[in-house]
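Visitor: Just need the structure, nothing else, for what follows:
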Amino acid sequence: MSDKKTIEALSFSDLYQNVSKETMQLASKIKLLICDIDGVFSDGRIYLGNQGEELKAFNTKDGFGIKALINSGIDVAVITGRQSNIVQNRMTSLNVKYIYQGQENKLISYQQLKDDLSLTDNDIAYIGDDAPDLPVMKEVGFAVAVNDAHPLISHISDYTTMLPGGFGAVRELTDLLMLSQNKALLCEGTSA
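Guide: Residues are numbered from 1 along each chain as shown. You can find the predicted model right below:
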């Protein structure tokens, strides 16, 4: 059985996969994480009921990671092309302050966030999975693709998660960001 001291000594490579020093350096500069929703927070599937209701599944591990990241002092935003009350409710429950929905051109929201928060490209990470994410991923200082992203996205990313979208990829990235900045992964009183 692991003791607390052993858990605190674990590196990102112990938990997920080996990462380069360059990747850790990029992650150590991040002050804002921007996430896509479909295919990143969810597995990309959209469930539609007979009455037109829409359902998505969110992973609680990702939720815990987002809350822990925010508690550690790193801001979080979402920019998504779709509009959904489900997304608004879930992100609000995770204390995400910056929620941009219905954004066909994600660069507009990206530029607004960057200006409003007085950040540079190098201060920002973005995690995505498909072509609509490409323009923002080309701008940010740390571009991340989920494991099952379209190959175009994986090709231009600085890091590709070990885990697929909707199954802990966001948590993997939040852990990477926190460990690269010497922040604790375990936050007392945090739930997802």
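Visitor: show me where the chain has helices.
Guide: 4-8, 12-15, 21-28, 60-71, 85-93, 106-116, 134-137, 151-156, 169-180 (DSSP state H).
Visitor: Could you give the average pLDDT over the last one?
Guide: In other words, helix 169-180. The pLDDT scores in helix 169-180 average 97.
Visitor: For it, which outside residues touch it?
Guide: Residues from elsewhere that reach helix 169-180, judged by C-beta atoms under 8 Å, 6 or more residues apart in numbering: 11-12, 15-16, 19, 23-25, 27-28, 30, 33, 35, 40-41, 59, 61-62, 64-66, 68-69, 72, 74, 125, 127, 144, 146-147, 159, 161-163, 184-185. (Glycine included, C-beta is placed from N, CA and C.)
Visitor: now the residues you listed: which count as buried?
Guide: 12, 16, 19, 23-24, 27, 30, 33, 35, 40-41, 59, 61-62, 64-66, 68-69, 72, 74, 125, 127, 144, 146-147, 159, 161, 163, 185 (16 or more other C-beta atoms under 10 Å).
Visitor: What score does Lys4 have for pLDDT?
Guide: 57.
Visitor: try the one 10 residues further on
Guide: According to the model's per-residue confidence, Asp14 sits at a pLDDT of 85.
Visitor: again, but for Ile37
Guide: For Ile37, pLDDT reads 96.
Visitor: Repeat that for the one 4 residues further on.
Guide: Listed pLDDT for Phe41 reads 95.
Visitor: which ones are touching it?
Guide: 35, 56, 58-59, 62, 78, 90, 165-166, 170.
Visitor: Can you get me the start-to-end distance on stretch 102-120?
Guide: End-to-end distance of stretch 102-120: 24 Å, with C-alpha to C-alpha, to the nearest Å as the criterion.
Visitor: now do the same end-to-end measure for stretch 95-102.
Guide: End-to-end distance of stretch 95-102 (C-alpha to C-alpha): 20 Å.
Visitor: swap in stretch 45-58?
Guide: Start and end residues of stretch 45-58 are separated by 11 Å (C-alpha to C-alpha).
Visitor: I'd assumed Asp129 was in contact with Met137.
Guide: No: if you go by C-beta atoms under 8 Å, Met137 and Asp129 don't touch, sitting 10.2 Å apart.
Visitor: Common neighbours of the two, please.
Guide: 145, 153.
Visitor: which intervals of this protein have sub-threshold pLDDT?
Guide: Applying pLDDT under 70 to the chain picks out residues 1-8, 186-192.
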